[in-house]
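Asker: give me coordinates for this.
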Amino acid sequence: MLAIYQSTLLLSLPKQKLQSLCCLAGALLFLGLAGCAKNPVTGEQNFVMFSEDKELQLGREYHPQIMSQYGRYEDEALQTYVQQVGERVANISHRQELVYRFTVLDSPVVNAFALPGGYIYITRGLMAYLNSEAELAAVLGHEVGHVTARHGVRQQSASQAANLGYTVGALLLPELRTAGAQNAFNMLGGALLSGYGREHELESDRLGAEYLAKSNYDPQAMLEVIGVLKDQSVFAEAQAKKQGQDYQGYHGLFASHPDNDTRLREVVNSADQYLNGPRGEVGEQAYLSRIDGMVFGDSESQGIRSGRDFYHADMQFALRFPENWFVQNNPSSLQAMAPEGRAFLEIGASDINRRQDPATFIRERLGISTLRNGQPLNNHGLQGYTGVTQQQGKLLRVAVVYLNNQAFVFIGGAKQDQQFAEFDRLILETASSLHALRPDERELAKAQRIEVVKVSSNDSYARWAAQSRITNSPLEQLQLLNGDFPGGELQAGQLKKRVR
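Answerer: Purely as a prediction, here's the structure:
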């Protein structure tokens with residue numbers, strides 16, 4: 001569909017502009033010829049605008065930013081294990097001279113990625129859903145493939161060249177300075193870079209499978225990982241529909257490959273030639289024993305969701321959301337969404353710097369001077385104030401509650417103003433539920449952890465889900481954790497993961 005639209009757009013351009021774009025393509029070709037370097041994997045000449053020294057420098061500069069954004073998962077034994085598995089794969093790669101650093105990030109997001117120069121990351125969120133050491137090696141091998149083939153610098157070089165080419169072309173050719181010509185160029189460049197990225201993903205799959213086999217792991221684990229991510233995608237789409245949101249698709253690891261992709265299966269199966277025996281190592285028990293006890297979902301530093309309730313040990317507070325609302329725990333805020341996206345609520349906290357009442361805080365710090373139906377909030381012995389305002393034509397409930405020298409700010413509303421009264425009551429109830437963490441809630445403020453157990457004849461996913469503190473769709477998430485999504489069931493004697 002995109003290709004058809006682009007062709008129509010090009011045909012609709014005046015002949016002179018089309019010729020100008022062709023000239024510009026020639027300029028980009030010239031840039032490509034001027035910036036070629038030998039590919040460490042294929043030996044072919046690739047267009048790059050960065051030397052290897054610059055590539056390594058990029059990794060060094062961005063690594064601290066990644067660590068600051070995500071945080072390092074504080075489990076040294078697990079960090080050492082992932083480093084060892086990663087090195088086993090990297091040591092037989094096409095760039096063995098690099099020093100590879102494999103880091104587990106303290107994030108529940110399902111992802112893995114690499115920086116130029118050998119900095120490779122995997123989240124504990126992704127590790128929770130893997131089920132063998134070979135699958136872990138597949139993820140790390142895929143990322144090593146990106147590094148060895150210099151995908152990061154090649155794609156960044158192509159992007160910079162496209163931008164530079166348009167800038168130069170617009171200076172030389174006035175007809176390219178129109179919005180229509182720029183949009184056409186951006187669409188063409190985006191399509192080229194998108195295809196470039198898909199080819200890089202497939203090449204990394206091929207390289208990862210090759211590295212798996214050469215390090216005596218089962219290369220078929222690459223397909224197992226893709227199956228895990230496909231199931232995640234199906235689950236995420238269903239969750240998005242519950243919230244009344246459009247699902248944008250998973251854009252991370254292996255995103256461009258459904259598990260029945262013929263090309264992918266071909267490149268993975270071709271790696272069997274590198275195996276020393278009939279089948280490589282899988283390492284299910286070895287892996288499960290390593291992640292036994294790993295944090296699942298929210299970290300204690302960001303607070304814990306448990307059903308409708310939220311507990312934060314560090315900030316010493318708790319509150320309760322409306323029933324069946326979807327709650328998103330972000331690093332600096334909490335967001336809640338009513339079913340089908342019919343209403344929303346965002347909660348943040350800010351230091352109190354002046355001795356002023358909550359009503360003045362709303363007026364001066366939040367800049368809201370017009371507040372209707374203002375009234376004090378004095379629940380749980382806390383000082384607060386709330387009212388209704390109208391911003392950009394939308395009715396919003398605003399509430400501020402003071403706790404421990406922090407001002408907790410609640411802002412919520414309905415998708416349709418006709419439904420505002422219906423949801424306003426629920427938003428106000430949430431703000432009124434804020435209270436200091438009680439002694440009996442401290443245990444609930446602890447992080448959930450993965451527990452690896454041998455399944456008994458009395459176990460079932462429904463029973464495990466009923467005992468779990470997983471907030472959103474616990475049964476489906478337990479099935480996802482164990483590769484049984486959708487609809488699979490526990491079998492006695494198996495080693496499986498549950499969440500406690």
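Asker: helix, strand, or coil at residue 399?
Answerer: Recorded secondary structure, residue 399: strand (DSSP: H, G, I helix; E, B strand; the rest coil).
Asker: which ones are touching it?
Answerer: Residues near residue 399 by CB atoms under 8 Å, 6 or more residues apart in numbering: 377, 384-386, 409-410, 427-428, 431. For glycine as for every other residue, the C-beta is placed from the backbone atoms N, C-alpha and C.
Asker: compare those residues and tell me which is most surrounded.
Answerer: residue 427 (27 neighbours; other CB atoms under 10 Å).
Asker: strands along the stretch 201-350 of the chain, start to end?
Answerer: 295-296, 304-306, 309-312, 317-320, 326-329, 334-337, 343-351 (DSSP state E, counting those that start in this stretch).
Asker: part of a helix, is residue 453?
Answerer: No. Assignment of residue 453 by three-state DSSP gives strand, placing it outside any helix.
Asker: which of the contacts of residue 399 sits closest to residue 70?
Answerer: residue 409 (25.3 Å; CB to CB).
Asker: does the closest one touch residue 358 like I think?
Answerer: No. The pair residue 409 / residue 358 is not scored as a contact, 9.7 Å apart, by CB atoms under 8 Å.
Asker: overlap in contacts of those two?
Answerer: residue 400.
Asker: which secondary structure element is home to the spatially most central residue of the chain?
Answerer: For the chain, residue 109 is the residue whose C-alpha lies nearest the centre (CA atoms, centre = their mean; 4.6 Å). Using DSSP states H and E, residue 109 sits within no helix or strand.
Asker: do the same with the one 4 residues further on
Answerer: With elements delineated by DSSP H and E, residue 113 resides in strand 112-115, which encompasses its position.
Asker: how far away from the center of its chain is the following helix or strand past that strand?
Answerer: Next helix or strand after strand 112-115 toward the C-terminus (DSSP H and E): strand 119-123. Mean-position distance between strand 119-123 and its chain equals 12 Å (CA atoms, centre = their mean, to the nearest Å).
Asker: also stretch 270-287?
Answerer: From the chain centre to the centre of stretch 270-287 is a distance of 29 Å (CA atoms, centre = their mean).
Asker: for that stretch, buried residues please.
Answerer: Buried residues in stretch 270-287, counted by 16 or more other CB atoms under 10 Å: 271, 274-275, 280-283, 287.
Asker: cool, and stretch 78-86?
Answerer: Neighbour-count burial for stretch 78-86 [16+ other CB under 10 Å]: 78, 81-83, 85-86.
Asker: before we move on, back to that, could you tell me which of the buried residues of stretch 270-287 belong to helices?
Answerer: Under the assignment DSSP state H, the buried residues of stretch 270-287 contribute residue 287 to helices.
Asker: max pairwise distance over the buried residues of stretch 270-287: which two?
Answerer: It's 274 and 287 that sit farthest apart of these, by CB to CB, at 21.8 Å.
Asker: now flag whichever of the buried residues of stretch 78-86 is closest to residue 438.
Answerer: residue 78 (32.5 Å).
Asker: from residue 102, how far off is the closest one?
Answerer: 11 Å (CB to CB, to the nearest Å).
Asker: cool, residue 417 as well?
Answerer: Distance from residue 417 to residue 102, by CB to CB: 51 Å.
Asker: who's more crowded, the two?
Answerer: Comparing residue 417 with residue 102 by neighbour count (other CB under 10 Å), the higher total belongs to residue 102, at 26 against 12.
Asker: what score does the closest residue to that one other than its chain neighbours have for pLDDT?
Answerer: Nearest residue to residue 102 in three dimensions, chain neighbours excluded: residue 86, at 3.6 Å (CB to CB, 6 or more residues apart in numbering). What the model reports as pLDDT for residue 86 is 98.
Asker: circling back: could you dump the contacts of residue 399 to CSV with distance to residue 340, secondary structure and pLDDT?
Answerer: CSV is the format used below for those (distance: CB to CB, whole Å; DSSP: H, G, I helix; E, B strand; the rest coil; pLDDT from 0 to 100):
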residue, distance to residue 340, secondary structure, pLDDT
377, 29, strand, 96
384, 30, strand, 98
385, 31, strand, 98
386, 26, strand, 98
409, 25, strand, 98
410, 21, strand, 98
427, 16, helix, 97
428, 21, helix, 97
431, 23, helix, 98
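Asker: now do the helices in the stretch 101-250 of the chain.
Answerer: 124-129, 133-148, 151-172, 179-214, 221-242 (DSSP state H, counting those that start in this stretch).
Asker: which elements pack onto the shortest one?
Answerer: So that's helix 124-129. Judged by 3 or more CB pairs under 8 Å, 6 or more residues apart in numbering; DSSP states H and E, helix 124-129 is in contact with strand 101-105, helix 474-481.
Asker: how's the chain carved up into domains?
Answerer: 1-291, 303-441, 448-499 (automatic domain parsing).
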